[in-house]
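**Q** Here is my input, please return the structure:
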Amino acid sequence: MKTTVSKIVCLVSSLVLLICFNVKISAQSSRCENYLNKAEDVYSSNPDSSFYYANLGLECALSKQDTILLAEAYSQFGRYYLLKSNLKLSENNLNKAQQFYIYLNNKAGLAHIYSLKSILQKRIHNYKESIRFIELSVELYQQLPKKNGLISGLLNLSNSYIGEKDTAKLKYTFLRLDTLYPIMSLHSRYYYLQNKARFFMLEKQYAKADSLLEQAFDIATKENMIDSRATITMVMGRNYRLMNKLKESEKILKQSEIICKESNLDHELVETYTELVETYKLMENYKLSLFYFETLSKIEKKIINLEKVNEIASLEKKLVETEKQKEIEGEKEKTNIEVGKNKKLIITLFLISALLFLSIYLYVRTQKLKNKIHEKSMLVQQKATELAARQKEILDSINYAKKIQYALLANKSFIDANLKSNFIFFKPKDIVSGDFYWATSRASAAGDLFYLAVCDSTGHGVPGAFMSLLSIGFLSEAINEKQIEKPNEVFNYVRSRLVNSVTGEGQKDGFDGILVCFNKTTGEITYASAYNKPILIEDGKIIELPTDKMPVGLGVRETSFTNFTITHKSNAKLYLYTDGYADQFGGEKGKKFKYKQLNDFILSNSDEQMQTQANKLAHNLTAWQGDLEQVDDICVIGINL
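**A** Numbers count the residues shown, from 1 in each chain. So this is what the prediction gives:
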């Protein structure tokens, strides 16, 4: 009797714990959904931020085992990896999402997965499977009351027919899409205009195609659709080539290349390089044609090879077999229900008995394993202690390196002695920094000269710090030992030293930066600039000063740097900065701060005291960055001239 009572108490306790667990999980639902909704909202404009929020959503969904949210998270992962041309990870995540949507009988979700799988199959040139998936997607979307999914499916279907050059099916598909155009979102209208333009290109109606492509480009730009901007500029380049407007083709394809490289869009970059190969052939520039052909071949090998194709085909075969097996099991389950409902009761009682037996078994097993677990815990603790000690040694070394680096940076009192009114806002990403500011002075026949450099070395953290120390050494060598006076000649010398010292194997190490020379005797101000633009503010206006678009190091150009002269009024202020502040992600949409917003912020506070300006820059950065990680070293210096 006592044994029976104990079992009942154990069962009731388990049920209570289960209810409490479910209540706790429900409280987490809104947080998980917020992450995934945020990932969806920023996908078009910032895929990497979307991936960050999707990852938070997946962790949250896993913790509560919510199948609906897990399906959505894996779907977003599959789409992101497809964009980044990581087809293996894309296929794995899409398969997981598909399994959940089948289990949930979610037709809209399943149709979306089939649509993405169609694109994946097209990427590996399996056009037959691509069309099969998109037709499955359209079939499911037609069963749903909302038309958004049907529009997406028909657009993807038209894309597949373009690949097959099936103009008859394309005409029928666009007849259906024409009736849906008034209710399309801007994103859907973009794809409609792009695909219809490509259809006209197949029909050799290039003028009509050009008009539609311009409309699609305007939408992609307005909506900040990064991958779409890369694609539409590539298609515009192709259309110009087909119209034999080769200069226009080359120009727009170069724009596409820049967008692809900035966002790591390998698939779109391959398409762009393919068009450049053909354009340069027609221009009889066979050297550039061969260069882009070799480059796109390397990228294609990175994106996909035969082993990946076979692996995807194998995974797809296993998935089909699993689906068929589930269908068979579903039919058997229906048959069992029809045979008799009493079997459910028998099965339920059996499961309860098994659960009780399992609980007892696990309790006994747990007791036996306690000692082993304790031993393992002690071992883990010992390893953790050893790891912490090693980590402390490394951190101590890096902190000592920080002391060395800071000793070589310009001393604030030294700068104050030469520039009476100034501020320095310096915020490294890590303990040590790739950004640096440095100053020196010397007397010469031209007058009493004071030099100030603000630079951004290749990389950040420890590698960037090593580059900054080397660059400081070469700057000092040029000015103090070689007695070089003009800033442009100093940069020329340092570039030569860097190329000969650290770029022997072709790696592009060096820095971007500004070197300003203040002649305290004559009042003349000259400077040299590698990429980074100085800005001058006078009479409430911003003046962006000129720069040389090449680094101090190995680059495409190796011409001499320019020695610029700054002319200014008595109330002018000069600002020097690296790219870290403008490149910081943050704000409501997780976007970059950007240079225009930085310049406007500096202008709005330029009448404040110098230290007040530095404080406001720091406060604004903290507010903008929020919970996101600092992405780069930051250095901003302001000088009241």
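**Q** correct me, but residue 281 touches residue 287?
**A** No: the criterion here is Cβ atoms under 8 Å, and residue 281 misses it with residue 287 at 11.1 Å. Using the backbone N, CA and C atoms, a C-beta is placed for each residue, glycine as well.
**Q** Could you give the backbone dihedrals for residue 83?
**A** Taking degrees, to the nearest 10, you get phi -60, psi -40 for the backbone angles of residue 83.
**Q** Same question for residue 96.
**A** Residue torsions, per degrees, to the nearest 10, at residue 96 are phi -60, psi -50.
**Q** Look up how far residue 531 lies from the closest residue to it other than its chain neighbours.
**A** What sits nearest to residue 96 in space, not counting adjacent residues and going by Cβ to Cβ, 6 or more residues apart in numbering, is residue 74, at 4.3 Å. Look at residue 74 and residue 531: by Cβ to Cβ, to the nearest Å, they are 41 Å apart.
**Q** for residue 264, same thing?
**A** Counting by Cβ to Cβ, the gap from residue 264 to residue 531 is 21 Å.
**Q** Next: residue 432.
**A** 22 Å.
**Q** Quick check: which ranges of the stretch 501-641 of the chain have low pLDDT?
**A** The stretch 501-641 of the chain contains residues with pLDDT under 70 at 503-507.
**Q** Which parts of it are strands?
**A** Taking DSSP state E, counting those that start in this stretch as the criterion, the stretch 501-641 of the chain carries its strands at 510-519, 525-530, 535-538, 541-544, 552-553, 564-566, 573-577, 585-586, 591-592, 634-640.
**Q** Which one of the ones you listed lies nearest to residue 57?
**A** Proximity to residue 57 (Cβ to Cβ) singles out strand 585-586 among the strands of the stretch 501-641 of the chain, at 18.2 Å.
**Q** Tell me the helices and strands packed up against that closest one.
**A** With contacts taken as 3 or more Cβ pairs under 8 Å, 6 or more residues apart in numbering; DSSP states H and E, strand 585-586 sits against helix 610-625.
**Q** Buried residues, stretch 274-283. List them.
**A** 274-281 (16 or more other Cβ atoms under 10 Å).
**Q** State the mean pLDDT of that stretch.
**A** Averaged over stretch 274-283, pLDDT sits at 93.
**Q** Check the offset of it from the chain's centre.
**A** Taking the mean of its C-alpha atoms, stretch 274-283 sits 30 Å from the chain's own mean (Cα atoms, centre = their mean, to the nearest Å).
**Q** Stretch 509-523 now?
**A** Distance of stretch 509-523 from its chain centroid, counting by Cα atoms, centre = their mean, is 34 Å.
**Q** For residue 74 and residue 531, work out which one has more neighbours and name it.
**A** residue 74 (24 against 18; other Cβ atoms under 10 Å).
**Q** Tell me which residues touch residue 210, please.
**A** 197, 236, 239, 243 (Cβ atoms under 8 Å, 6 or more residues apart in numbering).
**Q** Would you verify that it is located in a strand?
**A** No: Residue 210: not assigned to a strand; according to DSSP: H, G, I helix; E, B strand; the rest coil it is helix.
**Q** sec struct for residue 376, please.
**A** Classified using three-state DSSP, residue 376 is helix.
**Q** and it, how far is that from residue 385?
**A** 15 Å.
**Q** and what of residue 111?
**A** 54 Å.
**Q** quick one, which of the two is more surrounded?
**A** Ranked by neighbour count (other Cβ under 10 Å), residue 111 and residue 385 place residue 111 first, with 24 against 10.
**Q** Quick check: closest non-adjacent residue to the more buried one.
**A** residue 140 (3.8 Å).
**Q** give me every residue that touches residue 633.
**A** 427-430, 433-435, 456, 460, 464, 578, 580 are the contacts of residue 633 under Cβ under 8 Å, 6+ apart.
**Q** Appreciated, that's everything.
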